Each structure stands twice: as structure tokens, then as C-alpha cells.
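In: Pasting a predicted model and its sequence here:
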Amino acid sequence: MGHLTPKDEKRIIKLIEEWSEPKLTWPLLVEACKEKLGISRARQSLMNLPAVDLAMKNAKAGLRAQKLKPGWIADIQAANERIEELKATNQKLSAVLRDMYERFLIWQANADMHGLTQSMLERPVSQLQKKT
């Protein structure tokens, strides 16, 4: 049981995206990988793959949305309240995004004035060394 190849990862993601059962859980995915793809991995191993984890979250959200669809119009008051909450959240997030963009412009100008290159700014934190 070696490392998963990028091809294996894509096959697992495709399996998730084409999931036809009404319920999707990590144990069910582990079993399906074993049966359909011949890939035997623990749930934790699959969860540690960011693309697989994201595909799983998206698929689960899609399955939940399917369950909610038939009765979505039954409670229009609750739907309207939810819309208002989402509008308020959207406005807050838009304000935060504007603030972050303004801060970015300041940081960009400061980095330029102090001779920092894009590659220096994009270096992973683990590569940064403390100055003593």
C-alpha cells in the first residue's frame, strides 16, 4: 500500500462526484474505494487529501440540498428571514473584503518601497528564519 498517485486522487474525486446513493459518509467512501477502485485507505488518509476533502464536502452539501428542495417553499416566512440574514452577512463580508483590499494596497506599496519582490512575499512561512 504505497502513496496515492495524482491519478488515484482524481479517480476518488470522480467517484465522489458521481455518487448515486442518498447517503455519503467517510466509511461508505472508504468501502466504495476498496470495492470499485481497488484502493484501500483509512478515512483519515482520505480526509488529509485537500481535494478529496473538498469534493466530499461539496457532495454532502449537494445531497443535503436535494433533501431540502421539496419543501423549500412551504415556509416562506422562514425563507425570507434567511434571505435577510444572508444579505446582512453578505454586506458584512463585502465590508471586510474592502478593508482587506485597502490593507493589501498599503502592504503592496510598502513592500515595493522596501524592495521586497513577489517571490520573497510568497515564500512559505516555514522557510522564513527569525533574525537573532
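Out: Yep, it's here. Numbers count the residues shown, from 1 in each chain.
In: And the helix or strand in which E85 is found, what does it pack against?
Out: Using DSSP states H and E, E85 maps to helix 76-113. Of the remaining helices and strands, none touches helix 76-113 by 3 or more CB pairs under 8 Å, 6 or more residues apart in numbering; DSSP states H and E. Glycine gets a C-beta too; all of them are placed from N, C-alpha and C.
In: domains of this protein?
Out: 1-72, 73-132 (automatic domain parsing).
In: helix or strand right after the helix holding E85?
Out: helix 118-121.
In: which residues touch that next one?
Out: Here helix 118-121 makes contact (CB atoms under 8 Å, 6 or more residues apart in numbering) with A111.
In: Quick one: distance of it to the chain centre.
Out: 25 Å (CA atoms, centre = their mean, to the nearest Å).
In: what's the most buried one of the domains of the chain?
Out: domain 1-72 (a mean of 13; mean count of other CB atoms under 10 Å).
In: rewinding a little: mean confidence score for the helix holding E85?
Out: Averaging pLDDT along helix 76-113 yields 93.
In: Kindly state the pLDDT recorded for the residue minimising distance to the centre of the chain?
Out: Nearest to the mean C-alpha position of the chain, by CA atoms, centre = their mean, lies L54 at 4.4 Å. Turning to L54, the model gives it a pLDDT of 90.
In: Which secondary structure elements does whichever helix or strand it is part of sit against?
Out: Using DSSP H and E, L54 sits within helix 50-68. Where contact means 3+ CB pairs under 8 Å, 6+ apart, helix 50-68 is packed against helix 6-17, helix 43-47.
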